[in-house]
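> quick one, fold the following:
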Amino acid sequence: MLIDLHNHSFPKSDDSVLSIDTLLDLYKQTQVDAVCLTEHDTFWTTEETKVLSERHGLLVIPGVEINTDNGHVIVFGLEEYIFGMHKIDFLTDCVEKVGGAMIAAHPYRRRFMKGMDQTLLDHRITEAQSDPLFKYCDAIEGMNGRGTIEENEFSVSLAETLGLPITAGSDAHSPLDIGKCCTEVESEVESVHDLIGVLKRGDVKPVILRSF
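The predicted structure is shown next:
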């Protein structure tokens with residue numbers, strides 16, 4: 001089963017140019033079996049995503065991308081934003097209370113710079129190991145549709161060094177982003193609860209659907 005874990009629509013994410021119906025219509029033209037909506041600090045309810053699933057004939061799963069002081073985190077299981085979630089410790093407590101799951105989104109940001117030599121790359125990966133963000137996350141987004149090949153290679157190396165499962169998501173904000181990469185799972189996923197279980201088990205594999 002192919003699931004795109006990372007997507008944004010307007011107006012819930014004001015940096016996206018995709019309406020929700022356009023986003024889902026475009027995904028129906030790809031190989032993807034399910035689409036996760038992960039707006040910036042803003043939520044879709046389970047009821048809303050159920051209506052979208054029925055309207056488009058495509059499984060839609062609610063999530064969120066939380067902006068923290070340590071970086072962006074894709075979260076499944078939360079239903080509302082609470083002030084303080086920008087602190088990774090507080091966010092983790094909230095997620096644990098609901099039995100949710102967390103993915104470190106595009107971890108190359110603020111860590112990778114084009115032209116770094118191997119010594120500096122190794123230093124940045126070693127440095128990241130002390131970041132509490134990765135201690136709390138269930139997986140790392142190794143493939144991000146808006147990242148370069150080099151940036152994503154850095155993220156994959158970081159995940160492998162930390163021994164964390166690797167996911168992929170298109171991070172769609174425009175039509176050109178749709179269906180670039182996704183996450184393959186062997187288990188059948190029919191709900192956000194099922195997806196959380198898959199992430200907790202590490203039953204995930206990044207898949208590139210289109211060239212970057």
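> what's the mean pLDDT across whichever strand or helix holds Ala168?
Here Ala168 sits within strand 166-169, counting by DSSP states H and E. Per-residue pLDDT over strand 166-169 has a mean of 98.
> and after that strand, which helix or strand comes next?
strand 181-184.
> sheet-wise, list the partners of that following strand with their directions.
Partners of strand 181-184 in the sheet, by DSSP bridges, are strand 2-4 (antiparallel), strand 205-208 (antiparallel).
> next SSE after that strand?
helix 192-201.
> helices or strands up against that following helix?
strand 59-62, strand 71-76, strand 101-104 (3 or more Cβ pairs under 8 Å, 6 or more residues apart in numbering; DSSP states H and E). From N, CA and C alone the C-beta is placed, and that goes for glycine too.
> lowest-confidence helix or strand of this structure?
helix 118-128 (a mean of 86; mean pLDDT, DSSP states H and E).
> so which residues make contact with the helix or strand just after it?
Downstream of helix 118-128, the first helix or strand assigned by DSSP H and E is helix 132-136. Residues from elsewhere that reach helix 132-136 (Cβ atoms under 8 Å, 6 or more residues apart in numbering): 68, 70-71, 73, 88-89, 91-92, 102, 104, 107, 128, 140, 158, 162, 164.
> so which bits of helix 132-136 are buried?
Neighbour counts over helix 132-136 (16 or more other Cβ atoms under 10 Å) mark 133-134, 136 as buried.
> which one of the strands paired with strand 181-184 is the most hemmed in?
strand 2-4 (a mean of 23; mean count of other Cβ atoms under 10 Å).
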